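**Student:** Have a look; sequence and predicted model below, questions after that.
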Amino acid sequence: MELSDSVVKGLQSLSDPASLDLKSFTIFTEAAFHSLLSFPTESVFDYPELKNNDQALLKQCHAAATTFILEAVKQNADRSTVCSCLEDLRYDGERVEAFYALYQKNKANLEKLLSSIDRCPPHITDVSWRLDYCIKNSHVHKVNQPSYLISFNTENGGNNGASSKLNFSCTLEQLQDLVGKMKDAAKSVERATQL
């Protein structure tokens, strides 16, 4: 598993017995799992057993632990992967076993949580437009400007495939800007697929 430097540093701090004894480590790890699964999230600072610890260190360790947990669940990491990763970060056997036991206990719920997150933003399936000509505005001033009414039909890429419409109005200059940006985006996607 590839982890950023800040995550590695936070996990290494968490492995240090001088920072957290085994009991505090277990409570902290339970709190990290609980914060991912509860809404509204409870903070590790709410636990009286952790009040005497350095709050900045706890915050760093919490961010690292939750990142590691979510990455392990996302990759469907098995026992050997999780344990070897923690051992590489200098975790002793007791801490590895305590962490893995909580990981195994909460893995199914975390998988459900991650699978409920919509991975695909809506994408455009159809476009329609209409040209209107505005002669006067609501203040009875002459305007004499064309206005384009654009309607995008979008479809959600998730499980339900729900469709919706996005309607907006723009001037000729705004429409030209939109078309230019869409062409640039299409070229960027084409270049990215060629790599």
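**Tutor:** Perfect, thanks for sending it. Numbering: from 1, shown residues only.
**Student:** drop to CA atoms for contacts and neighbour counts, all remaining ones
**Tutor:** Noted.
**Student:** tell me which element Gln174 is part of?
**Tutor:** helix 172-194 (DSSP states H and E).
**Student:** How far does that helix sit from its chain's centre?
**Tutor:** 26 Å (CA atoms, centre = their mean, to the nearest Å).
**Student:** Can you tell me which helices and strands that helix packs against?
**Tutor:** strand 142-155 (3 or more CA pairs under 8 Å, 6 or more residues apart in numbering; DSSP states H and E).
**Student:** Kindly export the strand it packs on (C-alpha atoms) in PDB.
**Tutor:** C-alpha atoms of strand 142-155 as PDB (Å, rounded to 0.1, in the frame of the first residue of the first chain):
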ATOM      1  CA  LYS A 142     -34.600  48.600 -24.200                       C
ATOM      2  CA  VAL A 143     -32.100  45.700 -24.200                       C
ATOM      3  CA  ASN A 144     -32.200  44.300 -27.800                       C
ATOM      4  CA  GLN A 145     -29.900  41.400 -27.100                       C
ATOM      5  CA  PRO A 146     -30.100  37.700 -28.100                       C
ATOM      6  CA  SER A 147     -30.100  35.200 -25.300                       C
ATOM      7  CA  TYR A 148     -29.500  31.500 -25.600                       C
ATOM      8  CA  LEU A 149     -31.400  29.100 -23.400                       C
ATOM      9  CA  ILE A 150     -29.400  25.900 -23.100                       C
ATOM     10  CA  SER A 151     -30.700  22.600 -21.600                       C
ATOM     11  CA  PHE A 152     -28.300  19.800 -20.700                       C
ATOM     12  CA  ASN A 153     -29.800  16.400 -20.100                       C
ATOM     13  CA  THR A 154     -27.600  14.600 -17.500                       C
ATOM     14  CA  GLU A 155     -27.400  11.100 -16.300                       C
END
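**Student:** Good, we can wrap up now.
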